[in-house]
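Visitor: how would this look folded up:
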Amino acid sequence: MLSKKLAYHVAIVGATGAVGAQMIKVLEERKFPIETLRPLASSRSAGGTVSFQGVDLNVQQLTKDSFAGIDLALFSAGSDVGKEFAPVAAKAGAVVIDNSAAWRMDKDVPLVVPEVNPHDLAQHRGIIANPNCSTIQMVVALKPLHDQAHIKRIVVTTFQAVSGTGKEAMDELIDECKDLLNFKQPRPKVYPFQIAFNCLPHIDEFLPSGYTKEEMKLVHETRKIMGDRSIQITATTVRVPVYVGHSESVNIETERKLTANEARAILSTAPGVQVYDDPSHALYPMPLNVAGKDEVYVGRIREDESIRNGLNLWVVADNLRKGAALNAVQIAELLVR
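Guide: Predicted structure coming up:
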């Protein structure tokens, strides 16, 4: 844990990116005790400014000398940067919370969702991993059900917003929509195919098994966070032309039967979960309504009639907030308690 102070020196690595900007915003919204904030970025992005508490701060170039005097470093700059600079920051005395995949499956690095496994923070040695955005929202919704009925198997299909790829992908979606509405042929650069008015069942690289790296992240990260390697998981991840907000169709099989009403009751008191489930009045979570919210929204809760102990759920969350920035800041809040 961090040494107790009235306020902390905090660095944001990747401060100009979509998630880095959200980290700064969430730190300010939640009044995290900050004495100084040091925004850091690559040489390409350094030199600009970011706003924090009404003050414009200069974005400094990330170097190995960037962490002198820093207590806490929040990283959202990709795996290569995380792998290279997180140990540098930790050696300089900072506690690192890294949003990339670089450290997630390292046995010596805790992978933490505060509503699910806050106790794992006690194991950290200077670096803490922030899980994948799709994993976070799924385990927040499933852990309360797992505690009550033990989940044996998960089948999940994700519908992931372009903001999960980054600002360039967000710009590409807008540009492609403009092109198509003006009868021009889009020229995709970020994705292998046009994303506007399309769905791509392809997130990250394909593996020899036919799964993608993104799909296997869901498998391995879920088991690590839930602390249960016996859970059988299969995933399909799909990029969709949505700006912000990941959606997931989740099917679970449990050892003990849970009715839909029992599941609603359990989730209605679960931390970080908002049950939004009344299809008769067209009430169900959608990315459009969840963007900018902190909770994980769950709806379409119903029993799977094809198996004895099965449930279907529809899980939606803001991937930039709970799926990334908010989760990282919540970890930081636990460290300074």
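Visitor: Mind jotting down where the helices sit in the chain?
Guide: For the chain, the helices defined by DSSP state H occupy 18-29, 79-91, 133-149, 167-181, 213-226, 260-268, 287-290, 326-335.
Visitor: List the contacts of the closest residue to residue 133 other than its chain neighbours.
Guide: Sequence neighbours aside, residue 323 is the residue nearest to residue 133 in space, at 3.1 Å (criterion: CB to CB, 6 or more residues apart in numbering). C-betas here are computed from N, CA, C, even on glycine. For residue 323, the contacting residues are 133-134, 136-137, 164, 246, 317, by CB atoms under 8 Å, 6 or more residues apart in numbering.
Visitor: filter those residues to the buried ones?
Guide: 133-134, 136-137, 164, 246, 317 (16 or more other CB atoms under 10 Å).
Visitor: Any chance of those residues in JSON lines with distance to residue 301 as columns?
Guide: Formatted as JSON lines, the buried ones among the contacts of residue 323 follow (distance: CB to CB, whole Å):
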{"residue": "133", "distance to residue 301": "22"}
{"residue": "134", "distance to residue 301": "19"}
{"residue": "136", "distance to residue 301": "19"}
{"residue": "137", "distance to residue 301": "15"}
{"residue": "164", "distance to residue 301": "25"}
{"residue": "246", "distance to residue 301": "18"}
{"residue": "317", "distance to residue 301": "16"}
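Visitor: in the stretch 1-150 of the chain, which segments are predicted with low confidence?
Guide: In the predicted model of the stretch 1-150 of the chain, residues 1 satisfy pLDDT under 70.
Visitor: So which bits of stretch 44-57 are buried?
Guide: Neighbour-count burial for stretch 44-57 flags 45-46, 50, 52, 57 (criterion: 16+ other CB under 10 Å).
Visitor: whoops, I mixed them up, stretch 117-129
Guide: Buried, per 16+ other CB under 10 Å, within stretch 117-129: 117, 120-121, 124, 126-129.
Visitor: likewise stretch 329-336?
Guide: Using 16+ other CB under 10 Å as the test for burial, stretch 329-336 gives 329-332, 335-336.
Visitor: just stretch 226-235 next, same as before
Guide: Residues of stretch 226-235 classed as buried: 226, 231, 233, 235 (neighbour count, 16+ other CB under 10 Å).
Visitor: tell me the mean pLDDT for that stretch?
Guide: Averaging pLDDT along stretch 226-235 gives 97.
Visitor: contact partners of it?
Guide: Contact with stretch 226-235 is made by 116-117, 139, 142-143, 146, 151-158, 211, 214-216, 218-219, 222-223, as judged by CB under 8 Å, 6+ apart.
Visitor: neighbours around residue 174, how many?
Guide: 12 (other CB atoms under 10 Å).
Visitor: and it, how far is that from residue 25?
Guide: 21 Å (CB to CB, to the nearest Å).
Visitor: can you check residue 215 too?
Guide: From residue 215 over to residue 25 (counting by CB to CB), the distance is 30 Å.
Visitor: So what's the gap between stretch 150-161 and the chain middle?
Guide: 15 Å (CA atoms, centre = their mean, to the nearest Å).
Visitor: which outside residues touch that stretch?
Guide: Outside stretch 150-161, the residues touching it (CB under 8 Å, 6+ apart) are 133-134, 138, 142, 145, 199, 203, 218, 222, 230-240, 242-256, 287, 319.
Visitor: Mind giving me the PyMOL command for buried ones among these?
Guide: To isolate the buried members of these in PyMOL, using 16+ other CB under 10 Å:
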select buried, resi 133+134+138+142+145+203+218+222+231+233+235+236+237+239+240+242+244+245+246+247+248+250+251+252+253+254+287+319
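Visitor: Let's see which of the contacts of stretch 150-161 end up in strands.
Guide: 232-239, 246-254 (DSSP state E).
Visitor: quick one: contacts for residue 3?
Guide: Going by CB under 8 Å, 6+ apart, residue 3 touches residue 71.
Visitor: about what we covered before: nearest to residue 195, of the buried residues of stretch 117-129?
Guide: residue 129 (28.1 Å; CB to CB).
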